[in-house]
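Undergrad: make a model of this:
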Amino acid sequence: MSMKKLLIGLSMALLPALTFAAYNDVSLTSTAAISINNSLGNAVTLTVSGATDAVESIVVGDTNFTVVLQSGSTLTVASAGRNLISTDAPDANETITCGTNESSIALTATAQVTISVSVSANACGVAVAAASSTTGGSGGPIAQSGGGGGSTSVTPAVPATPAVPTVTPAVPATPASISALEAQIVALRAAIASLGGTSVGSSGTGSMTFSKPISAGSKTTAVINLQKVLNSDSDTKVSSSGAGSPGKETNYFGPATKKAVQKFQVKYGIAKPGQTGYGVFGPKTRAKMTEVAKSKGL
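TA: Numbering: from 1, shown residues only. The predicted model follows:
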C-alpha cells in the first residue's frame, strides 16, 4: 500500500490552506480533498474542512487515512456521494450526519488520539443505525437520511425477543413397564432357544463372563446367562421344567438358582454346606462359572 504522509500540506495545491497552530503541526483553513478507495475498491473523494479544524498530521493510504489530533483539535470529513463514513475513534467525540446532499462526520479530540477514517460503498440511510453520538469509538455507519434537505436521528429498532419453544419432558418408564419388558425379553430368549438358535446376550462362542457378584433376589440379565451355564449340566440344573428350566431361563436369582449355585460349588470343590461363601456367587464361583461356560461354548 502506497502511503503519503501530510505533515506540512496535503498536496502542493493545498499549501496556501495550511498554517501552523500553537498545539498542532498542521491547521486546515479551507477545504481540502482526500481520495481513498471504498470497500469495493472504487475511489471516493472526501473533503476535510472547517476554519477551526486543526490536526497534527494526516497519513493517506489506499483505503483509509489516519489523522493525529491533539486534545481540543477538531476535524470534519464529508462525502458528497453520501457514502457511509466510519472511524475507530476511541477517545474522540464524534457527530455523524446524513443529509440529503452529503454525509459527514465531525471529530473532536478530548485527548491526543490517532484516528483511522474509512468509507463504505453503501450510501448513508441504507441501513438504520444511531444517527449521532457524543461518545467516542462508535465506528458505525452514518444515520438514516431525513427529508427536506436536513438530517434526522433514527432510533435503532429493538430486536424481537425469540420465542422459547416449549419442551415436554419425557415420562420415565414405570417399574411395571420395566417388568413387562423384562418378561418379554425372557420369553423371546426362550423362543429363540427352543428353535435351536443362540440366545440374546450370548454369541455362542464362549463369550459369557461373570465379573460382578449377583445377590439372591436380584433381577438382572446376568442371571439368565448364569442359569444357562447351570442348566448345561444335569448335576447343577436350576429346574427340570417351568421357569428356570433349560430354554426357559429367567433373570430372577431366586431360591432355585441359589440351590443350583450351591450344587455347582460342591461339584467343583469351591464350598460346602456350613462353609463361608456357600450359596454366594463370589469371586471363586464366578471364575469357575466363566471357565465352565467357555468350555461348553456358551
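Undergrad: select the longest strand from the protein.
TA: Using DSSP state E to assign secondary structure, the strand with the most residues in the chain is strand 113-123.
Undergrad: got the contact list for that strand?
TA: Contacts to strand 113-123, defined as CB atoms under 8 Å, 6 or more residues apart in numbering, come from residues 36, 38-40, 42, 44, 46, 63-69, 75, 77, 79, 81-92, 103, 105, 107, 109, 136, 141. Every C-beta, even on glycine, is put in place using the N, C-alpha and C of the backbone.
Undergrad: got it, and stretch 219-234?
TA: When contacts are taken as CB under 8 Å, 6+ apart, the neighbours of stretch 219-234 outside the stretch itself are 182, 185-186, 189, 199, 201-202, 208, 210, 212, 214, 236-238, 244-246, 249-253, 257, 260-261, 263-264, 267, 281, 289, 292-293, 296, 298.
Undergrad: would you mark the buried spots in that stretch?
TA: For stretch 219-234, a neighbour-count test (16 or more other CB atoms under 10 Å) marks 222-232 as buried.
Undergrad: still on that earlier bit, which of the contacts of stretch 219-234 fall in helices?
TA: In helices, judged by DSSP state H, the following of the contacts of stretch 219-234 are found: 182, 185-186, 189, 257, 260-261, 263-264, 267, 289, 292-293.
Undergrad: now, of the residues you listed, which are buried?
TA: Among the ones in helices among the contacts of stretch 219-234, those buried by neighbour count (16+ other CB under 10 Å) are 182, 185-186, 189, 257, 260-261, 264, 289, 292-293.
Undergrad: including distance to Ser218 and pLDDT, could those go into TSV?
TA: Compiled in TSV, these are given as follows (distance: CB to CB, whole Å; pLDDT from 0 to 100):
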residue	distance to Ser218	pLDDT
Glu182	12	80
Ile185	16	88
Val186	15	80
Arg189	18	78
Thr257	10	96
Ala260	15	94
Val261	12	96
Phe264	17	96
Met289	15	94
Val292	21	94
Ala293	19	92
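Undergrad: out of these, which is nearest to Thr166?
TA: The nearest member of these to Thr166, counting by CB to CB, is Glu182 at 33.7 Å.
Undergrad: where does Ser71 sit: helix, strand or coil?
TA: coil (DSSP: H, G, I helix; E, B strand; the rest coil).
Undergrad: what's the first-to-last distance across stretch 83-103?
TA: The straight-line separation of the ends of stretch 83-103 (CA to CA, to the nearest Å) is 6 Å.
Undergrad: tell me the buried residues in it?
TA: In terms of neighbour count (16+ other CB under 10 Å), stretch 83-103 has its buried residues at 83-89, 92-94, 96-99, 102-103.
Undergrad: same check, this time on stretch 67-76
TA: Within stretch 67-76, the residues that qualify as buried by neighbour count (16+ other CB under 10 Å) are 67-70, 73-76.
Undergrad: go on, stretch 264-271?
TA: In stretch 264-271, counting by 16+ other CB under 10 Å, buried: 264-266, 270-271.
Undergrad: where in the stretch 51-200 of the chain is pLDDT low?
TA: Per-residue confidence for the stretch 51-200 of the chain (pLDDT under 70) gives these ranges: 51-54, 90-92, 126-156, 173, 175, 193-200.
Undergrad: could you redo the last one with a cut-off of 50?
TA: For the stretch 51-200 of the chain, applying pLDDT under 50 flags the ranges 51-52, 128-150, 152, 196-200.
Undergrad: where along it do the helices fall?
TA: In the stretch 51-200 of the chain, the helices defined using DSSP state H, counting those that start in this stretch lie at 175-194.
Undergrad: so which residues of this protein form strands?
TA: Under DSSP E, the chain gives strands at 4-6, 18-19, 26-28, 32-37, 43-49, 54-55, 57-60, 64-69, 74-79, 83-87, 92-98, 103-109, 113-123.
Undergrad: thank you kindly, that will do.
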